[in-house]
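J.: Sequence first, then the predicted structure, then my questions.
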Amino acid sequence: MKSIHIRLITLSAIVLLTALTRLLPHLPNFTPVAALALFGSAMFERRVVGLLAPLAAMLLSDALIGFHGTMPYVYGSFALSWLLGLWVRKNPTALTIGSAALVSSVLFFLITNFGVWYGSAFYPQTSQGLMTCYLSAVPFFRYTVLGDLFYSAVLFGGYFLLQQRYTVLRLAR
């Protein structure tokens, strides 16, 4: 089997298995969403596959968990995290990966909570209502940050260790 196929199968399996962790009990927002986007973008040889594979895995897990009205905002923040992964791809160090994970957390917080507020009957459609929505979400933000950092470390660190052991998994640069 060609090395590119082995790499693609390995990366796809990692993405699918990681996405399935969303089905396990977890702290609120402690999920691999942004880490999958960063990892997919940085590691798949074909960048579009790096977006489509994690998106497909997310869609499958959402089909099991349940669809909701804020999915466009969640997937939009996911796509922005994927764009950050293109930056990580150029220089995948602990600093760039950690920085991208933190920025992804902030983007996810801002975008998805805007989606919760926009058109909501629960929050007034005013700037004060938006701020109230953001303030209500602050307790969950720490779990988002911890999840993004944890899963980024596991995905990038774990794959780095696999690459050290199996050179066929290394991306030709």
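T.: Cool, the structure landed. Residues are numbered from 1 along each chain as shown.

J.: Next up, phi/psi of Arg165, please.
T.: phi -80, psi -40 (degrees, to the nearest 10).

J.: so who does it touch?
T.: Residues near Arg165 by C-beta atoms under 8 Å, 6 or more residues apart in numbering: none. No exception for glycine: its C-beta is placed from N, CA and C like everyone else's.

J.: Distance of it relative to Tyr151?
T.: According to C-beta to C-beta, to the nearest Å, Arg165 stands 21 Å off from Tyr151.

J.: What ranges in the protein fall below the confidence cut-off?
T.: Across the chain, residues meeting the criterion (pLDDT under 70) sit at 1, 171-173.

J.: which residues in it form helices?
T.: 3-20, 33-43, 47-65, 71-90, 94-117, 127-165 (DSSP state H).

J.: Let me know which of the ones you listed is tucked in deepest.
T.: helix 33-43 (a mean of 29; mean count of other C-beta atoms under 10 Å).

J.: For that helix, enumerate the helices and strands it packs against.
T.: The contact analysis (3 or more C-beta pairs under 8 Å, 6 or more residues apart in numbering; DSSP states H and E) places helix 33-43 against helix 3-20, helix 47-65, helix 71-90, helix 94-117, helix 127-165.
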